[in-house]
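A.B. asks: just to be clear, the model below is a prediction. Sequence and coordinates:
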Amino acid sequence: MFEQTGVKAGLSKSVKSLKEAVAAFVDRVADDAQVIKAQADADEIFVEYLKTLNAGQSINIVRQRHKDIEDRRARAAEETAREMAIAETVATVEEYAPPPVIEPAPRAKLGTDPVKTTRFWVRAKISVLMRIKRFLESEECEYGQ
């Protein structure tokens with residue numbers, strides 16, 4: 001902090017000139033403190049002021065920080081509103097759109113797709129086994145035990 005005062009102590013300096021330099025520094029800090037106290041975010045500005053000992057710069061830093069925060073909040077609110085509008089539009093379209101028609105996959109003709117035989121076993125819940133059986137039947141597969 002002493003380095004920020006601007007007071008240069010040396011053998012060639014008189015006590016009077018050092019006292020005047022310190023008094024000028026204290027007066028400047030007191031004036032800055034009065035200016036900062038009048039600000040809405042005085043506590044936050046004082047924290048910045050301790051780093052720089054420059055009231056104008058500290059006030060600008062805090063104002064810019066608050067502006068950046070507000071900009072981020074506004075962008076987030078806009079994004080949320082945009083997402084909600086998209087969701088509403090999709091819901092409306094889905095409400096009035098006809099159900100999609102799913103075309104069954106074309107079956108390969110027996111002449112072009114060779115028939116193979118394989119063996120395997122499955123260990124699963126009965127509901128899963130039933131789905132496997134239905135799948136085999138829907139694909140016109142021959143199966144056995």
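C.D. replies: Looks like it arrived, so ask away. Numbers count the residues shown, from 1 in each chain.
A.B. asks: residue closest to the middle of the chain?
C.D. replies: The centroid of the chain falls nearest to Ala76 when counting by Cα atoms, centre = their mean (8.9 Å).
A.B. asks: neighbours of Arg75, how many?
C.D. replies: Residues near Arg75, counting by other Cβ atoms under 10 Å, number 10. C-beta here means a position set from N, CA and C on the backbone, and glycine is covered the same way.
A.B. asks: quick one on the thing from earlier: mind giving me the packing neighbours of the helix or strand harbouring the residue nearest to the centre of the chain?
C.D. replies: Ala76 belongs to helix 55-96 when elements are defined using DSSP states H and E. Counting contacts by 3 or more Cβ pairs under 8 Å, 6 or more residues apart in numbering; DSSP states H and E, helix 55-96 packs against helix 15-37, helix 42-52.
A.B. asks: and those, which is most packed in?
C.D. replies: helix 42-52 (a mean of 15; mean count of other Cβ atoms under 10 Å).
A.B. asks: off-centre distance for it?
C.D. replies: 28 Å (Cα atoms, centre = their mean, to the nearest Å).
A.B. asks: likewise for stretch 91-105?
C.D. replies: 34 Å.
A.B. asks: again with stretch 25-33
C.D. replies: 41 Å.
A.B. asks: what's the pLDDT at Lys116?
C.D. replies: Looking at Lys116, its pLDDT is 81.
A.B. asks: that one in helix, strand or coil?
C.D. replies: coil (DSSP: H, G, I helix; E, B strand; the rest coil).
A.B. asks: burial count for it?
C.D. replies: With other Cβ under 10 Å as criterion, Lys116 counts 5.
A.B. asks: measure it to Ala97 for me?
C.D. replies: Separation of Lys116 from Ala97 (Cβ to Cβ, to the nearest Å) stands at 42 Å.
A.B. asks: next one: Ala30
C.D. replies: 72 Å.
A.B. asks: equivalent analysis for Leu53, please.
C.D. replies: 66 Å.
A.B. asks: who's more crowded, the two?
C.D. replies: Leu53 (16 against 9).
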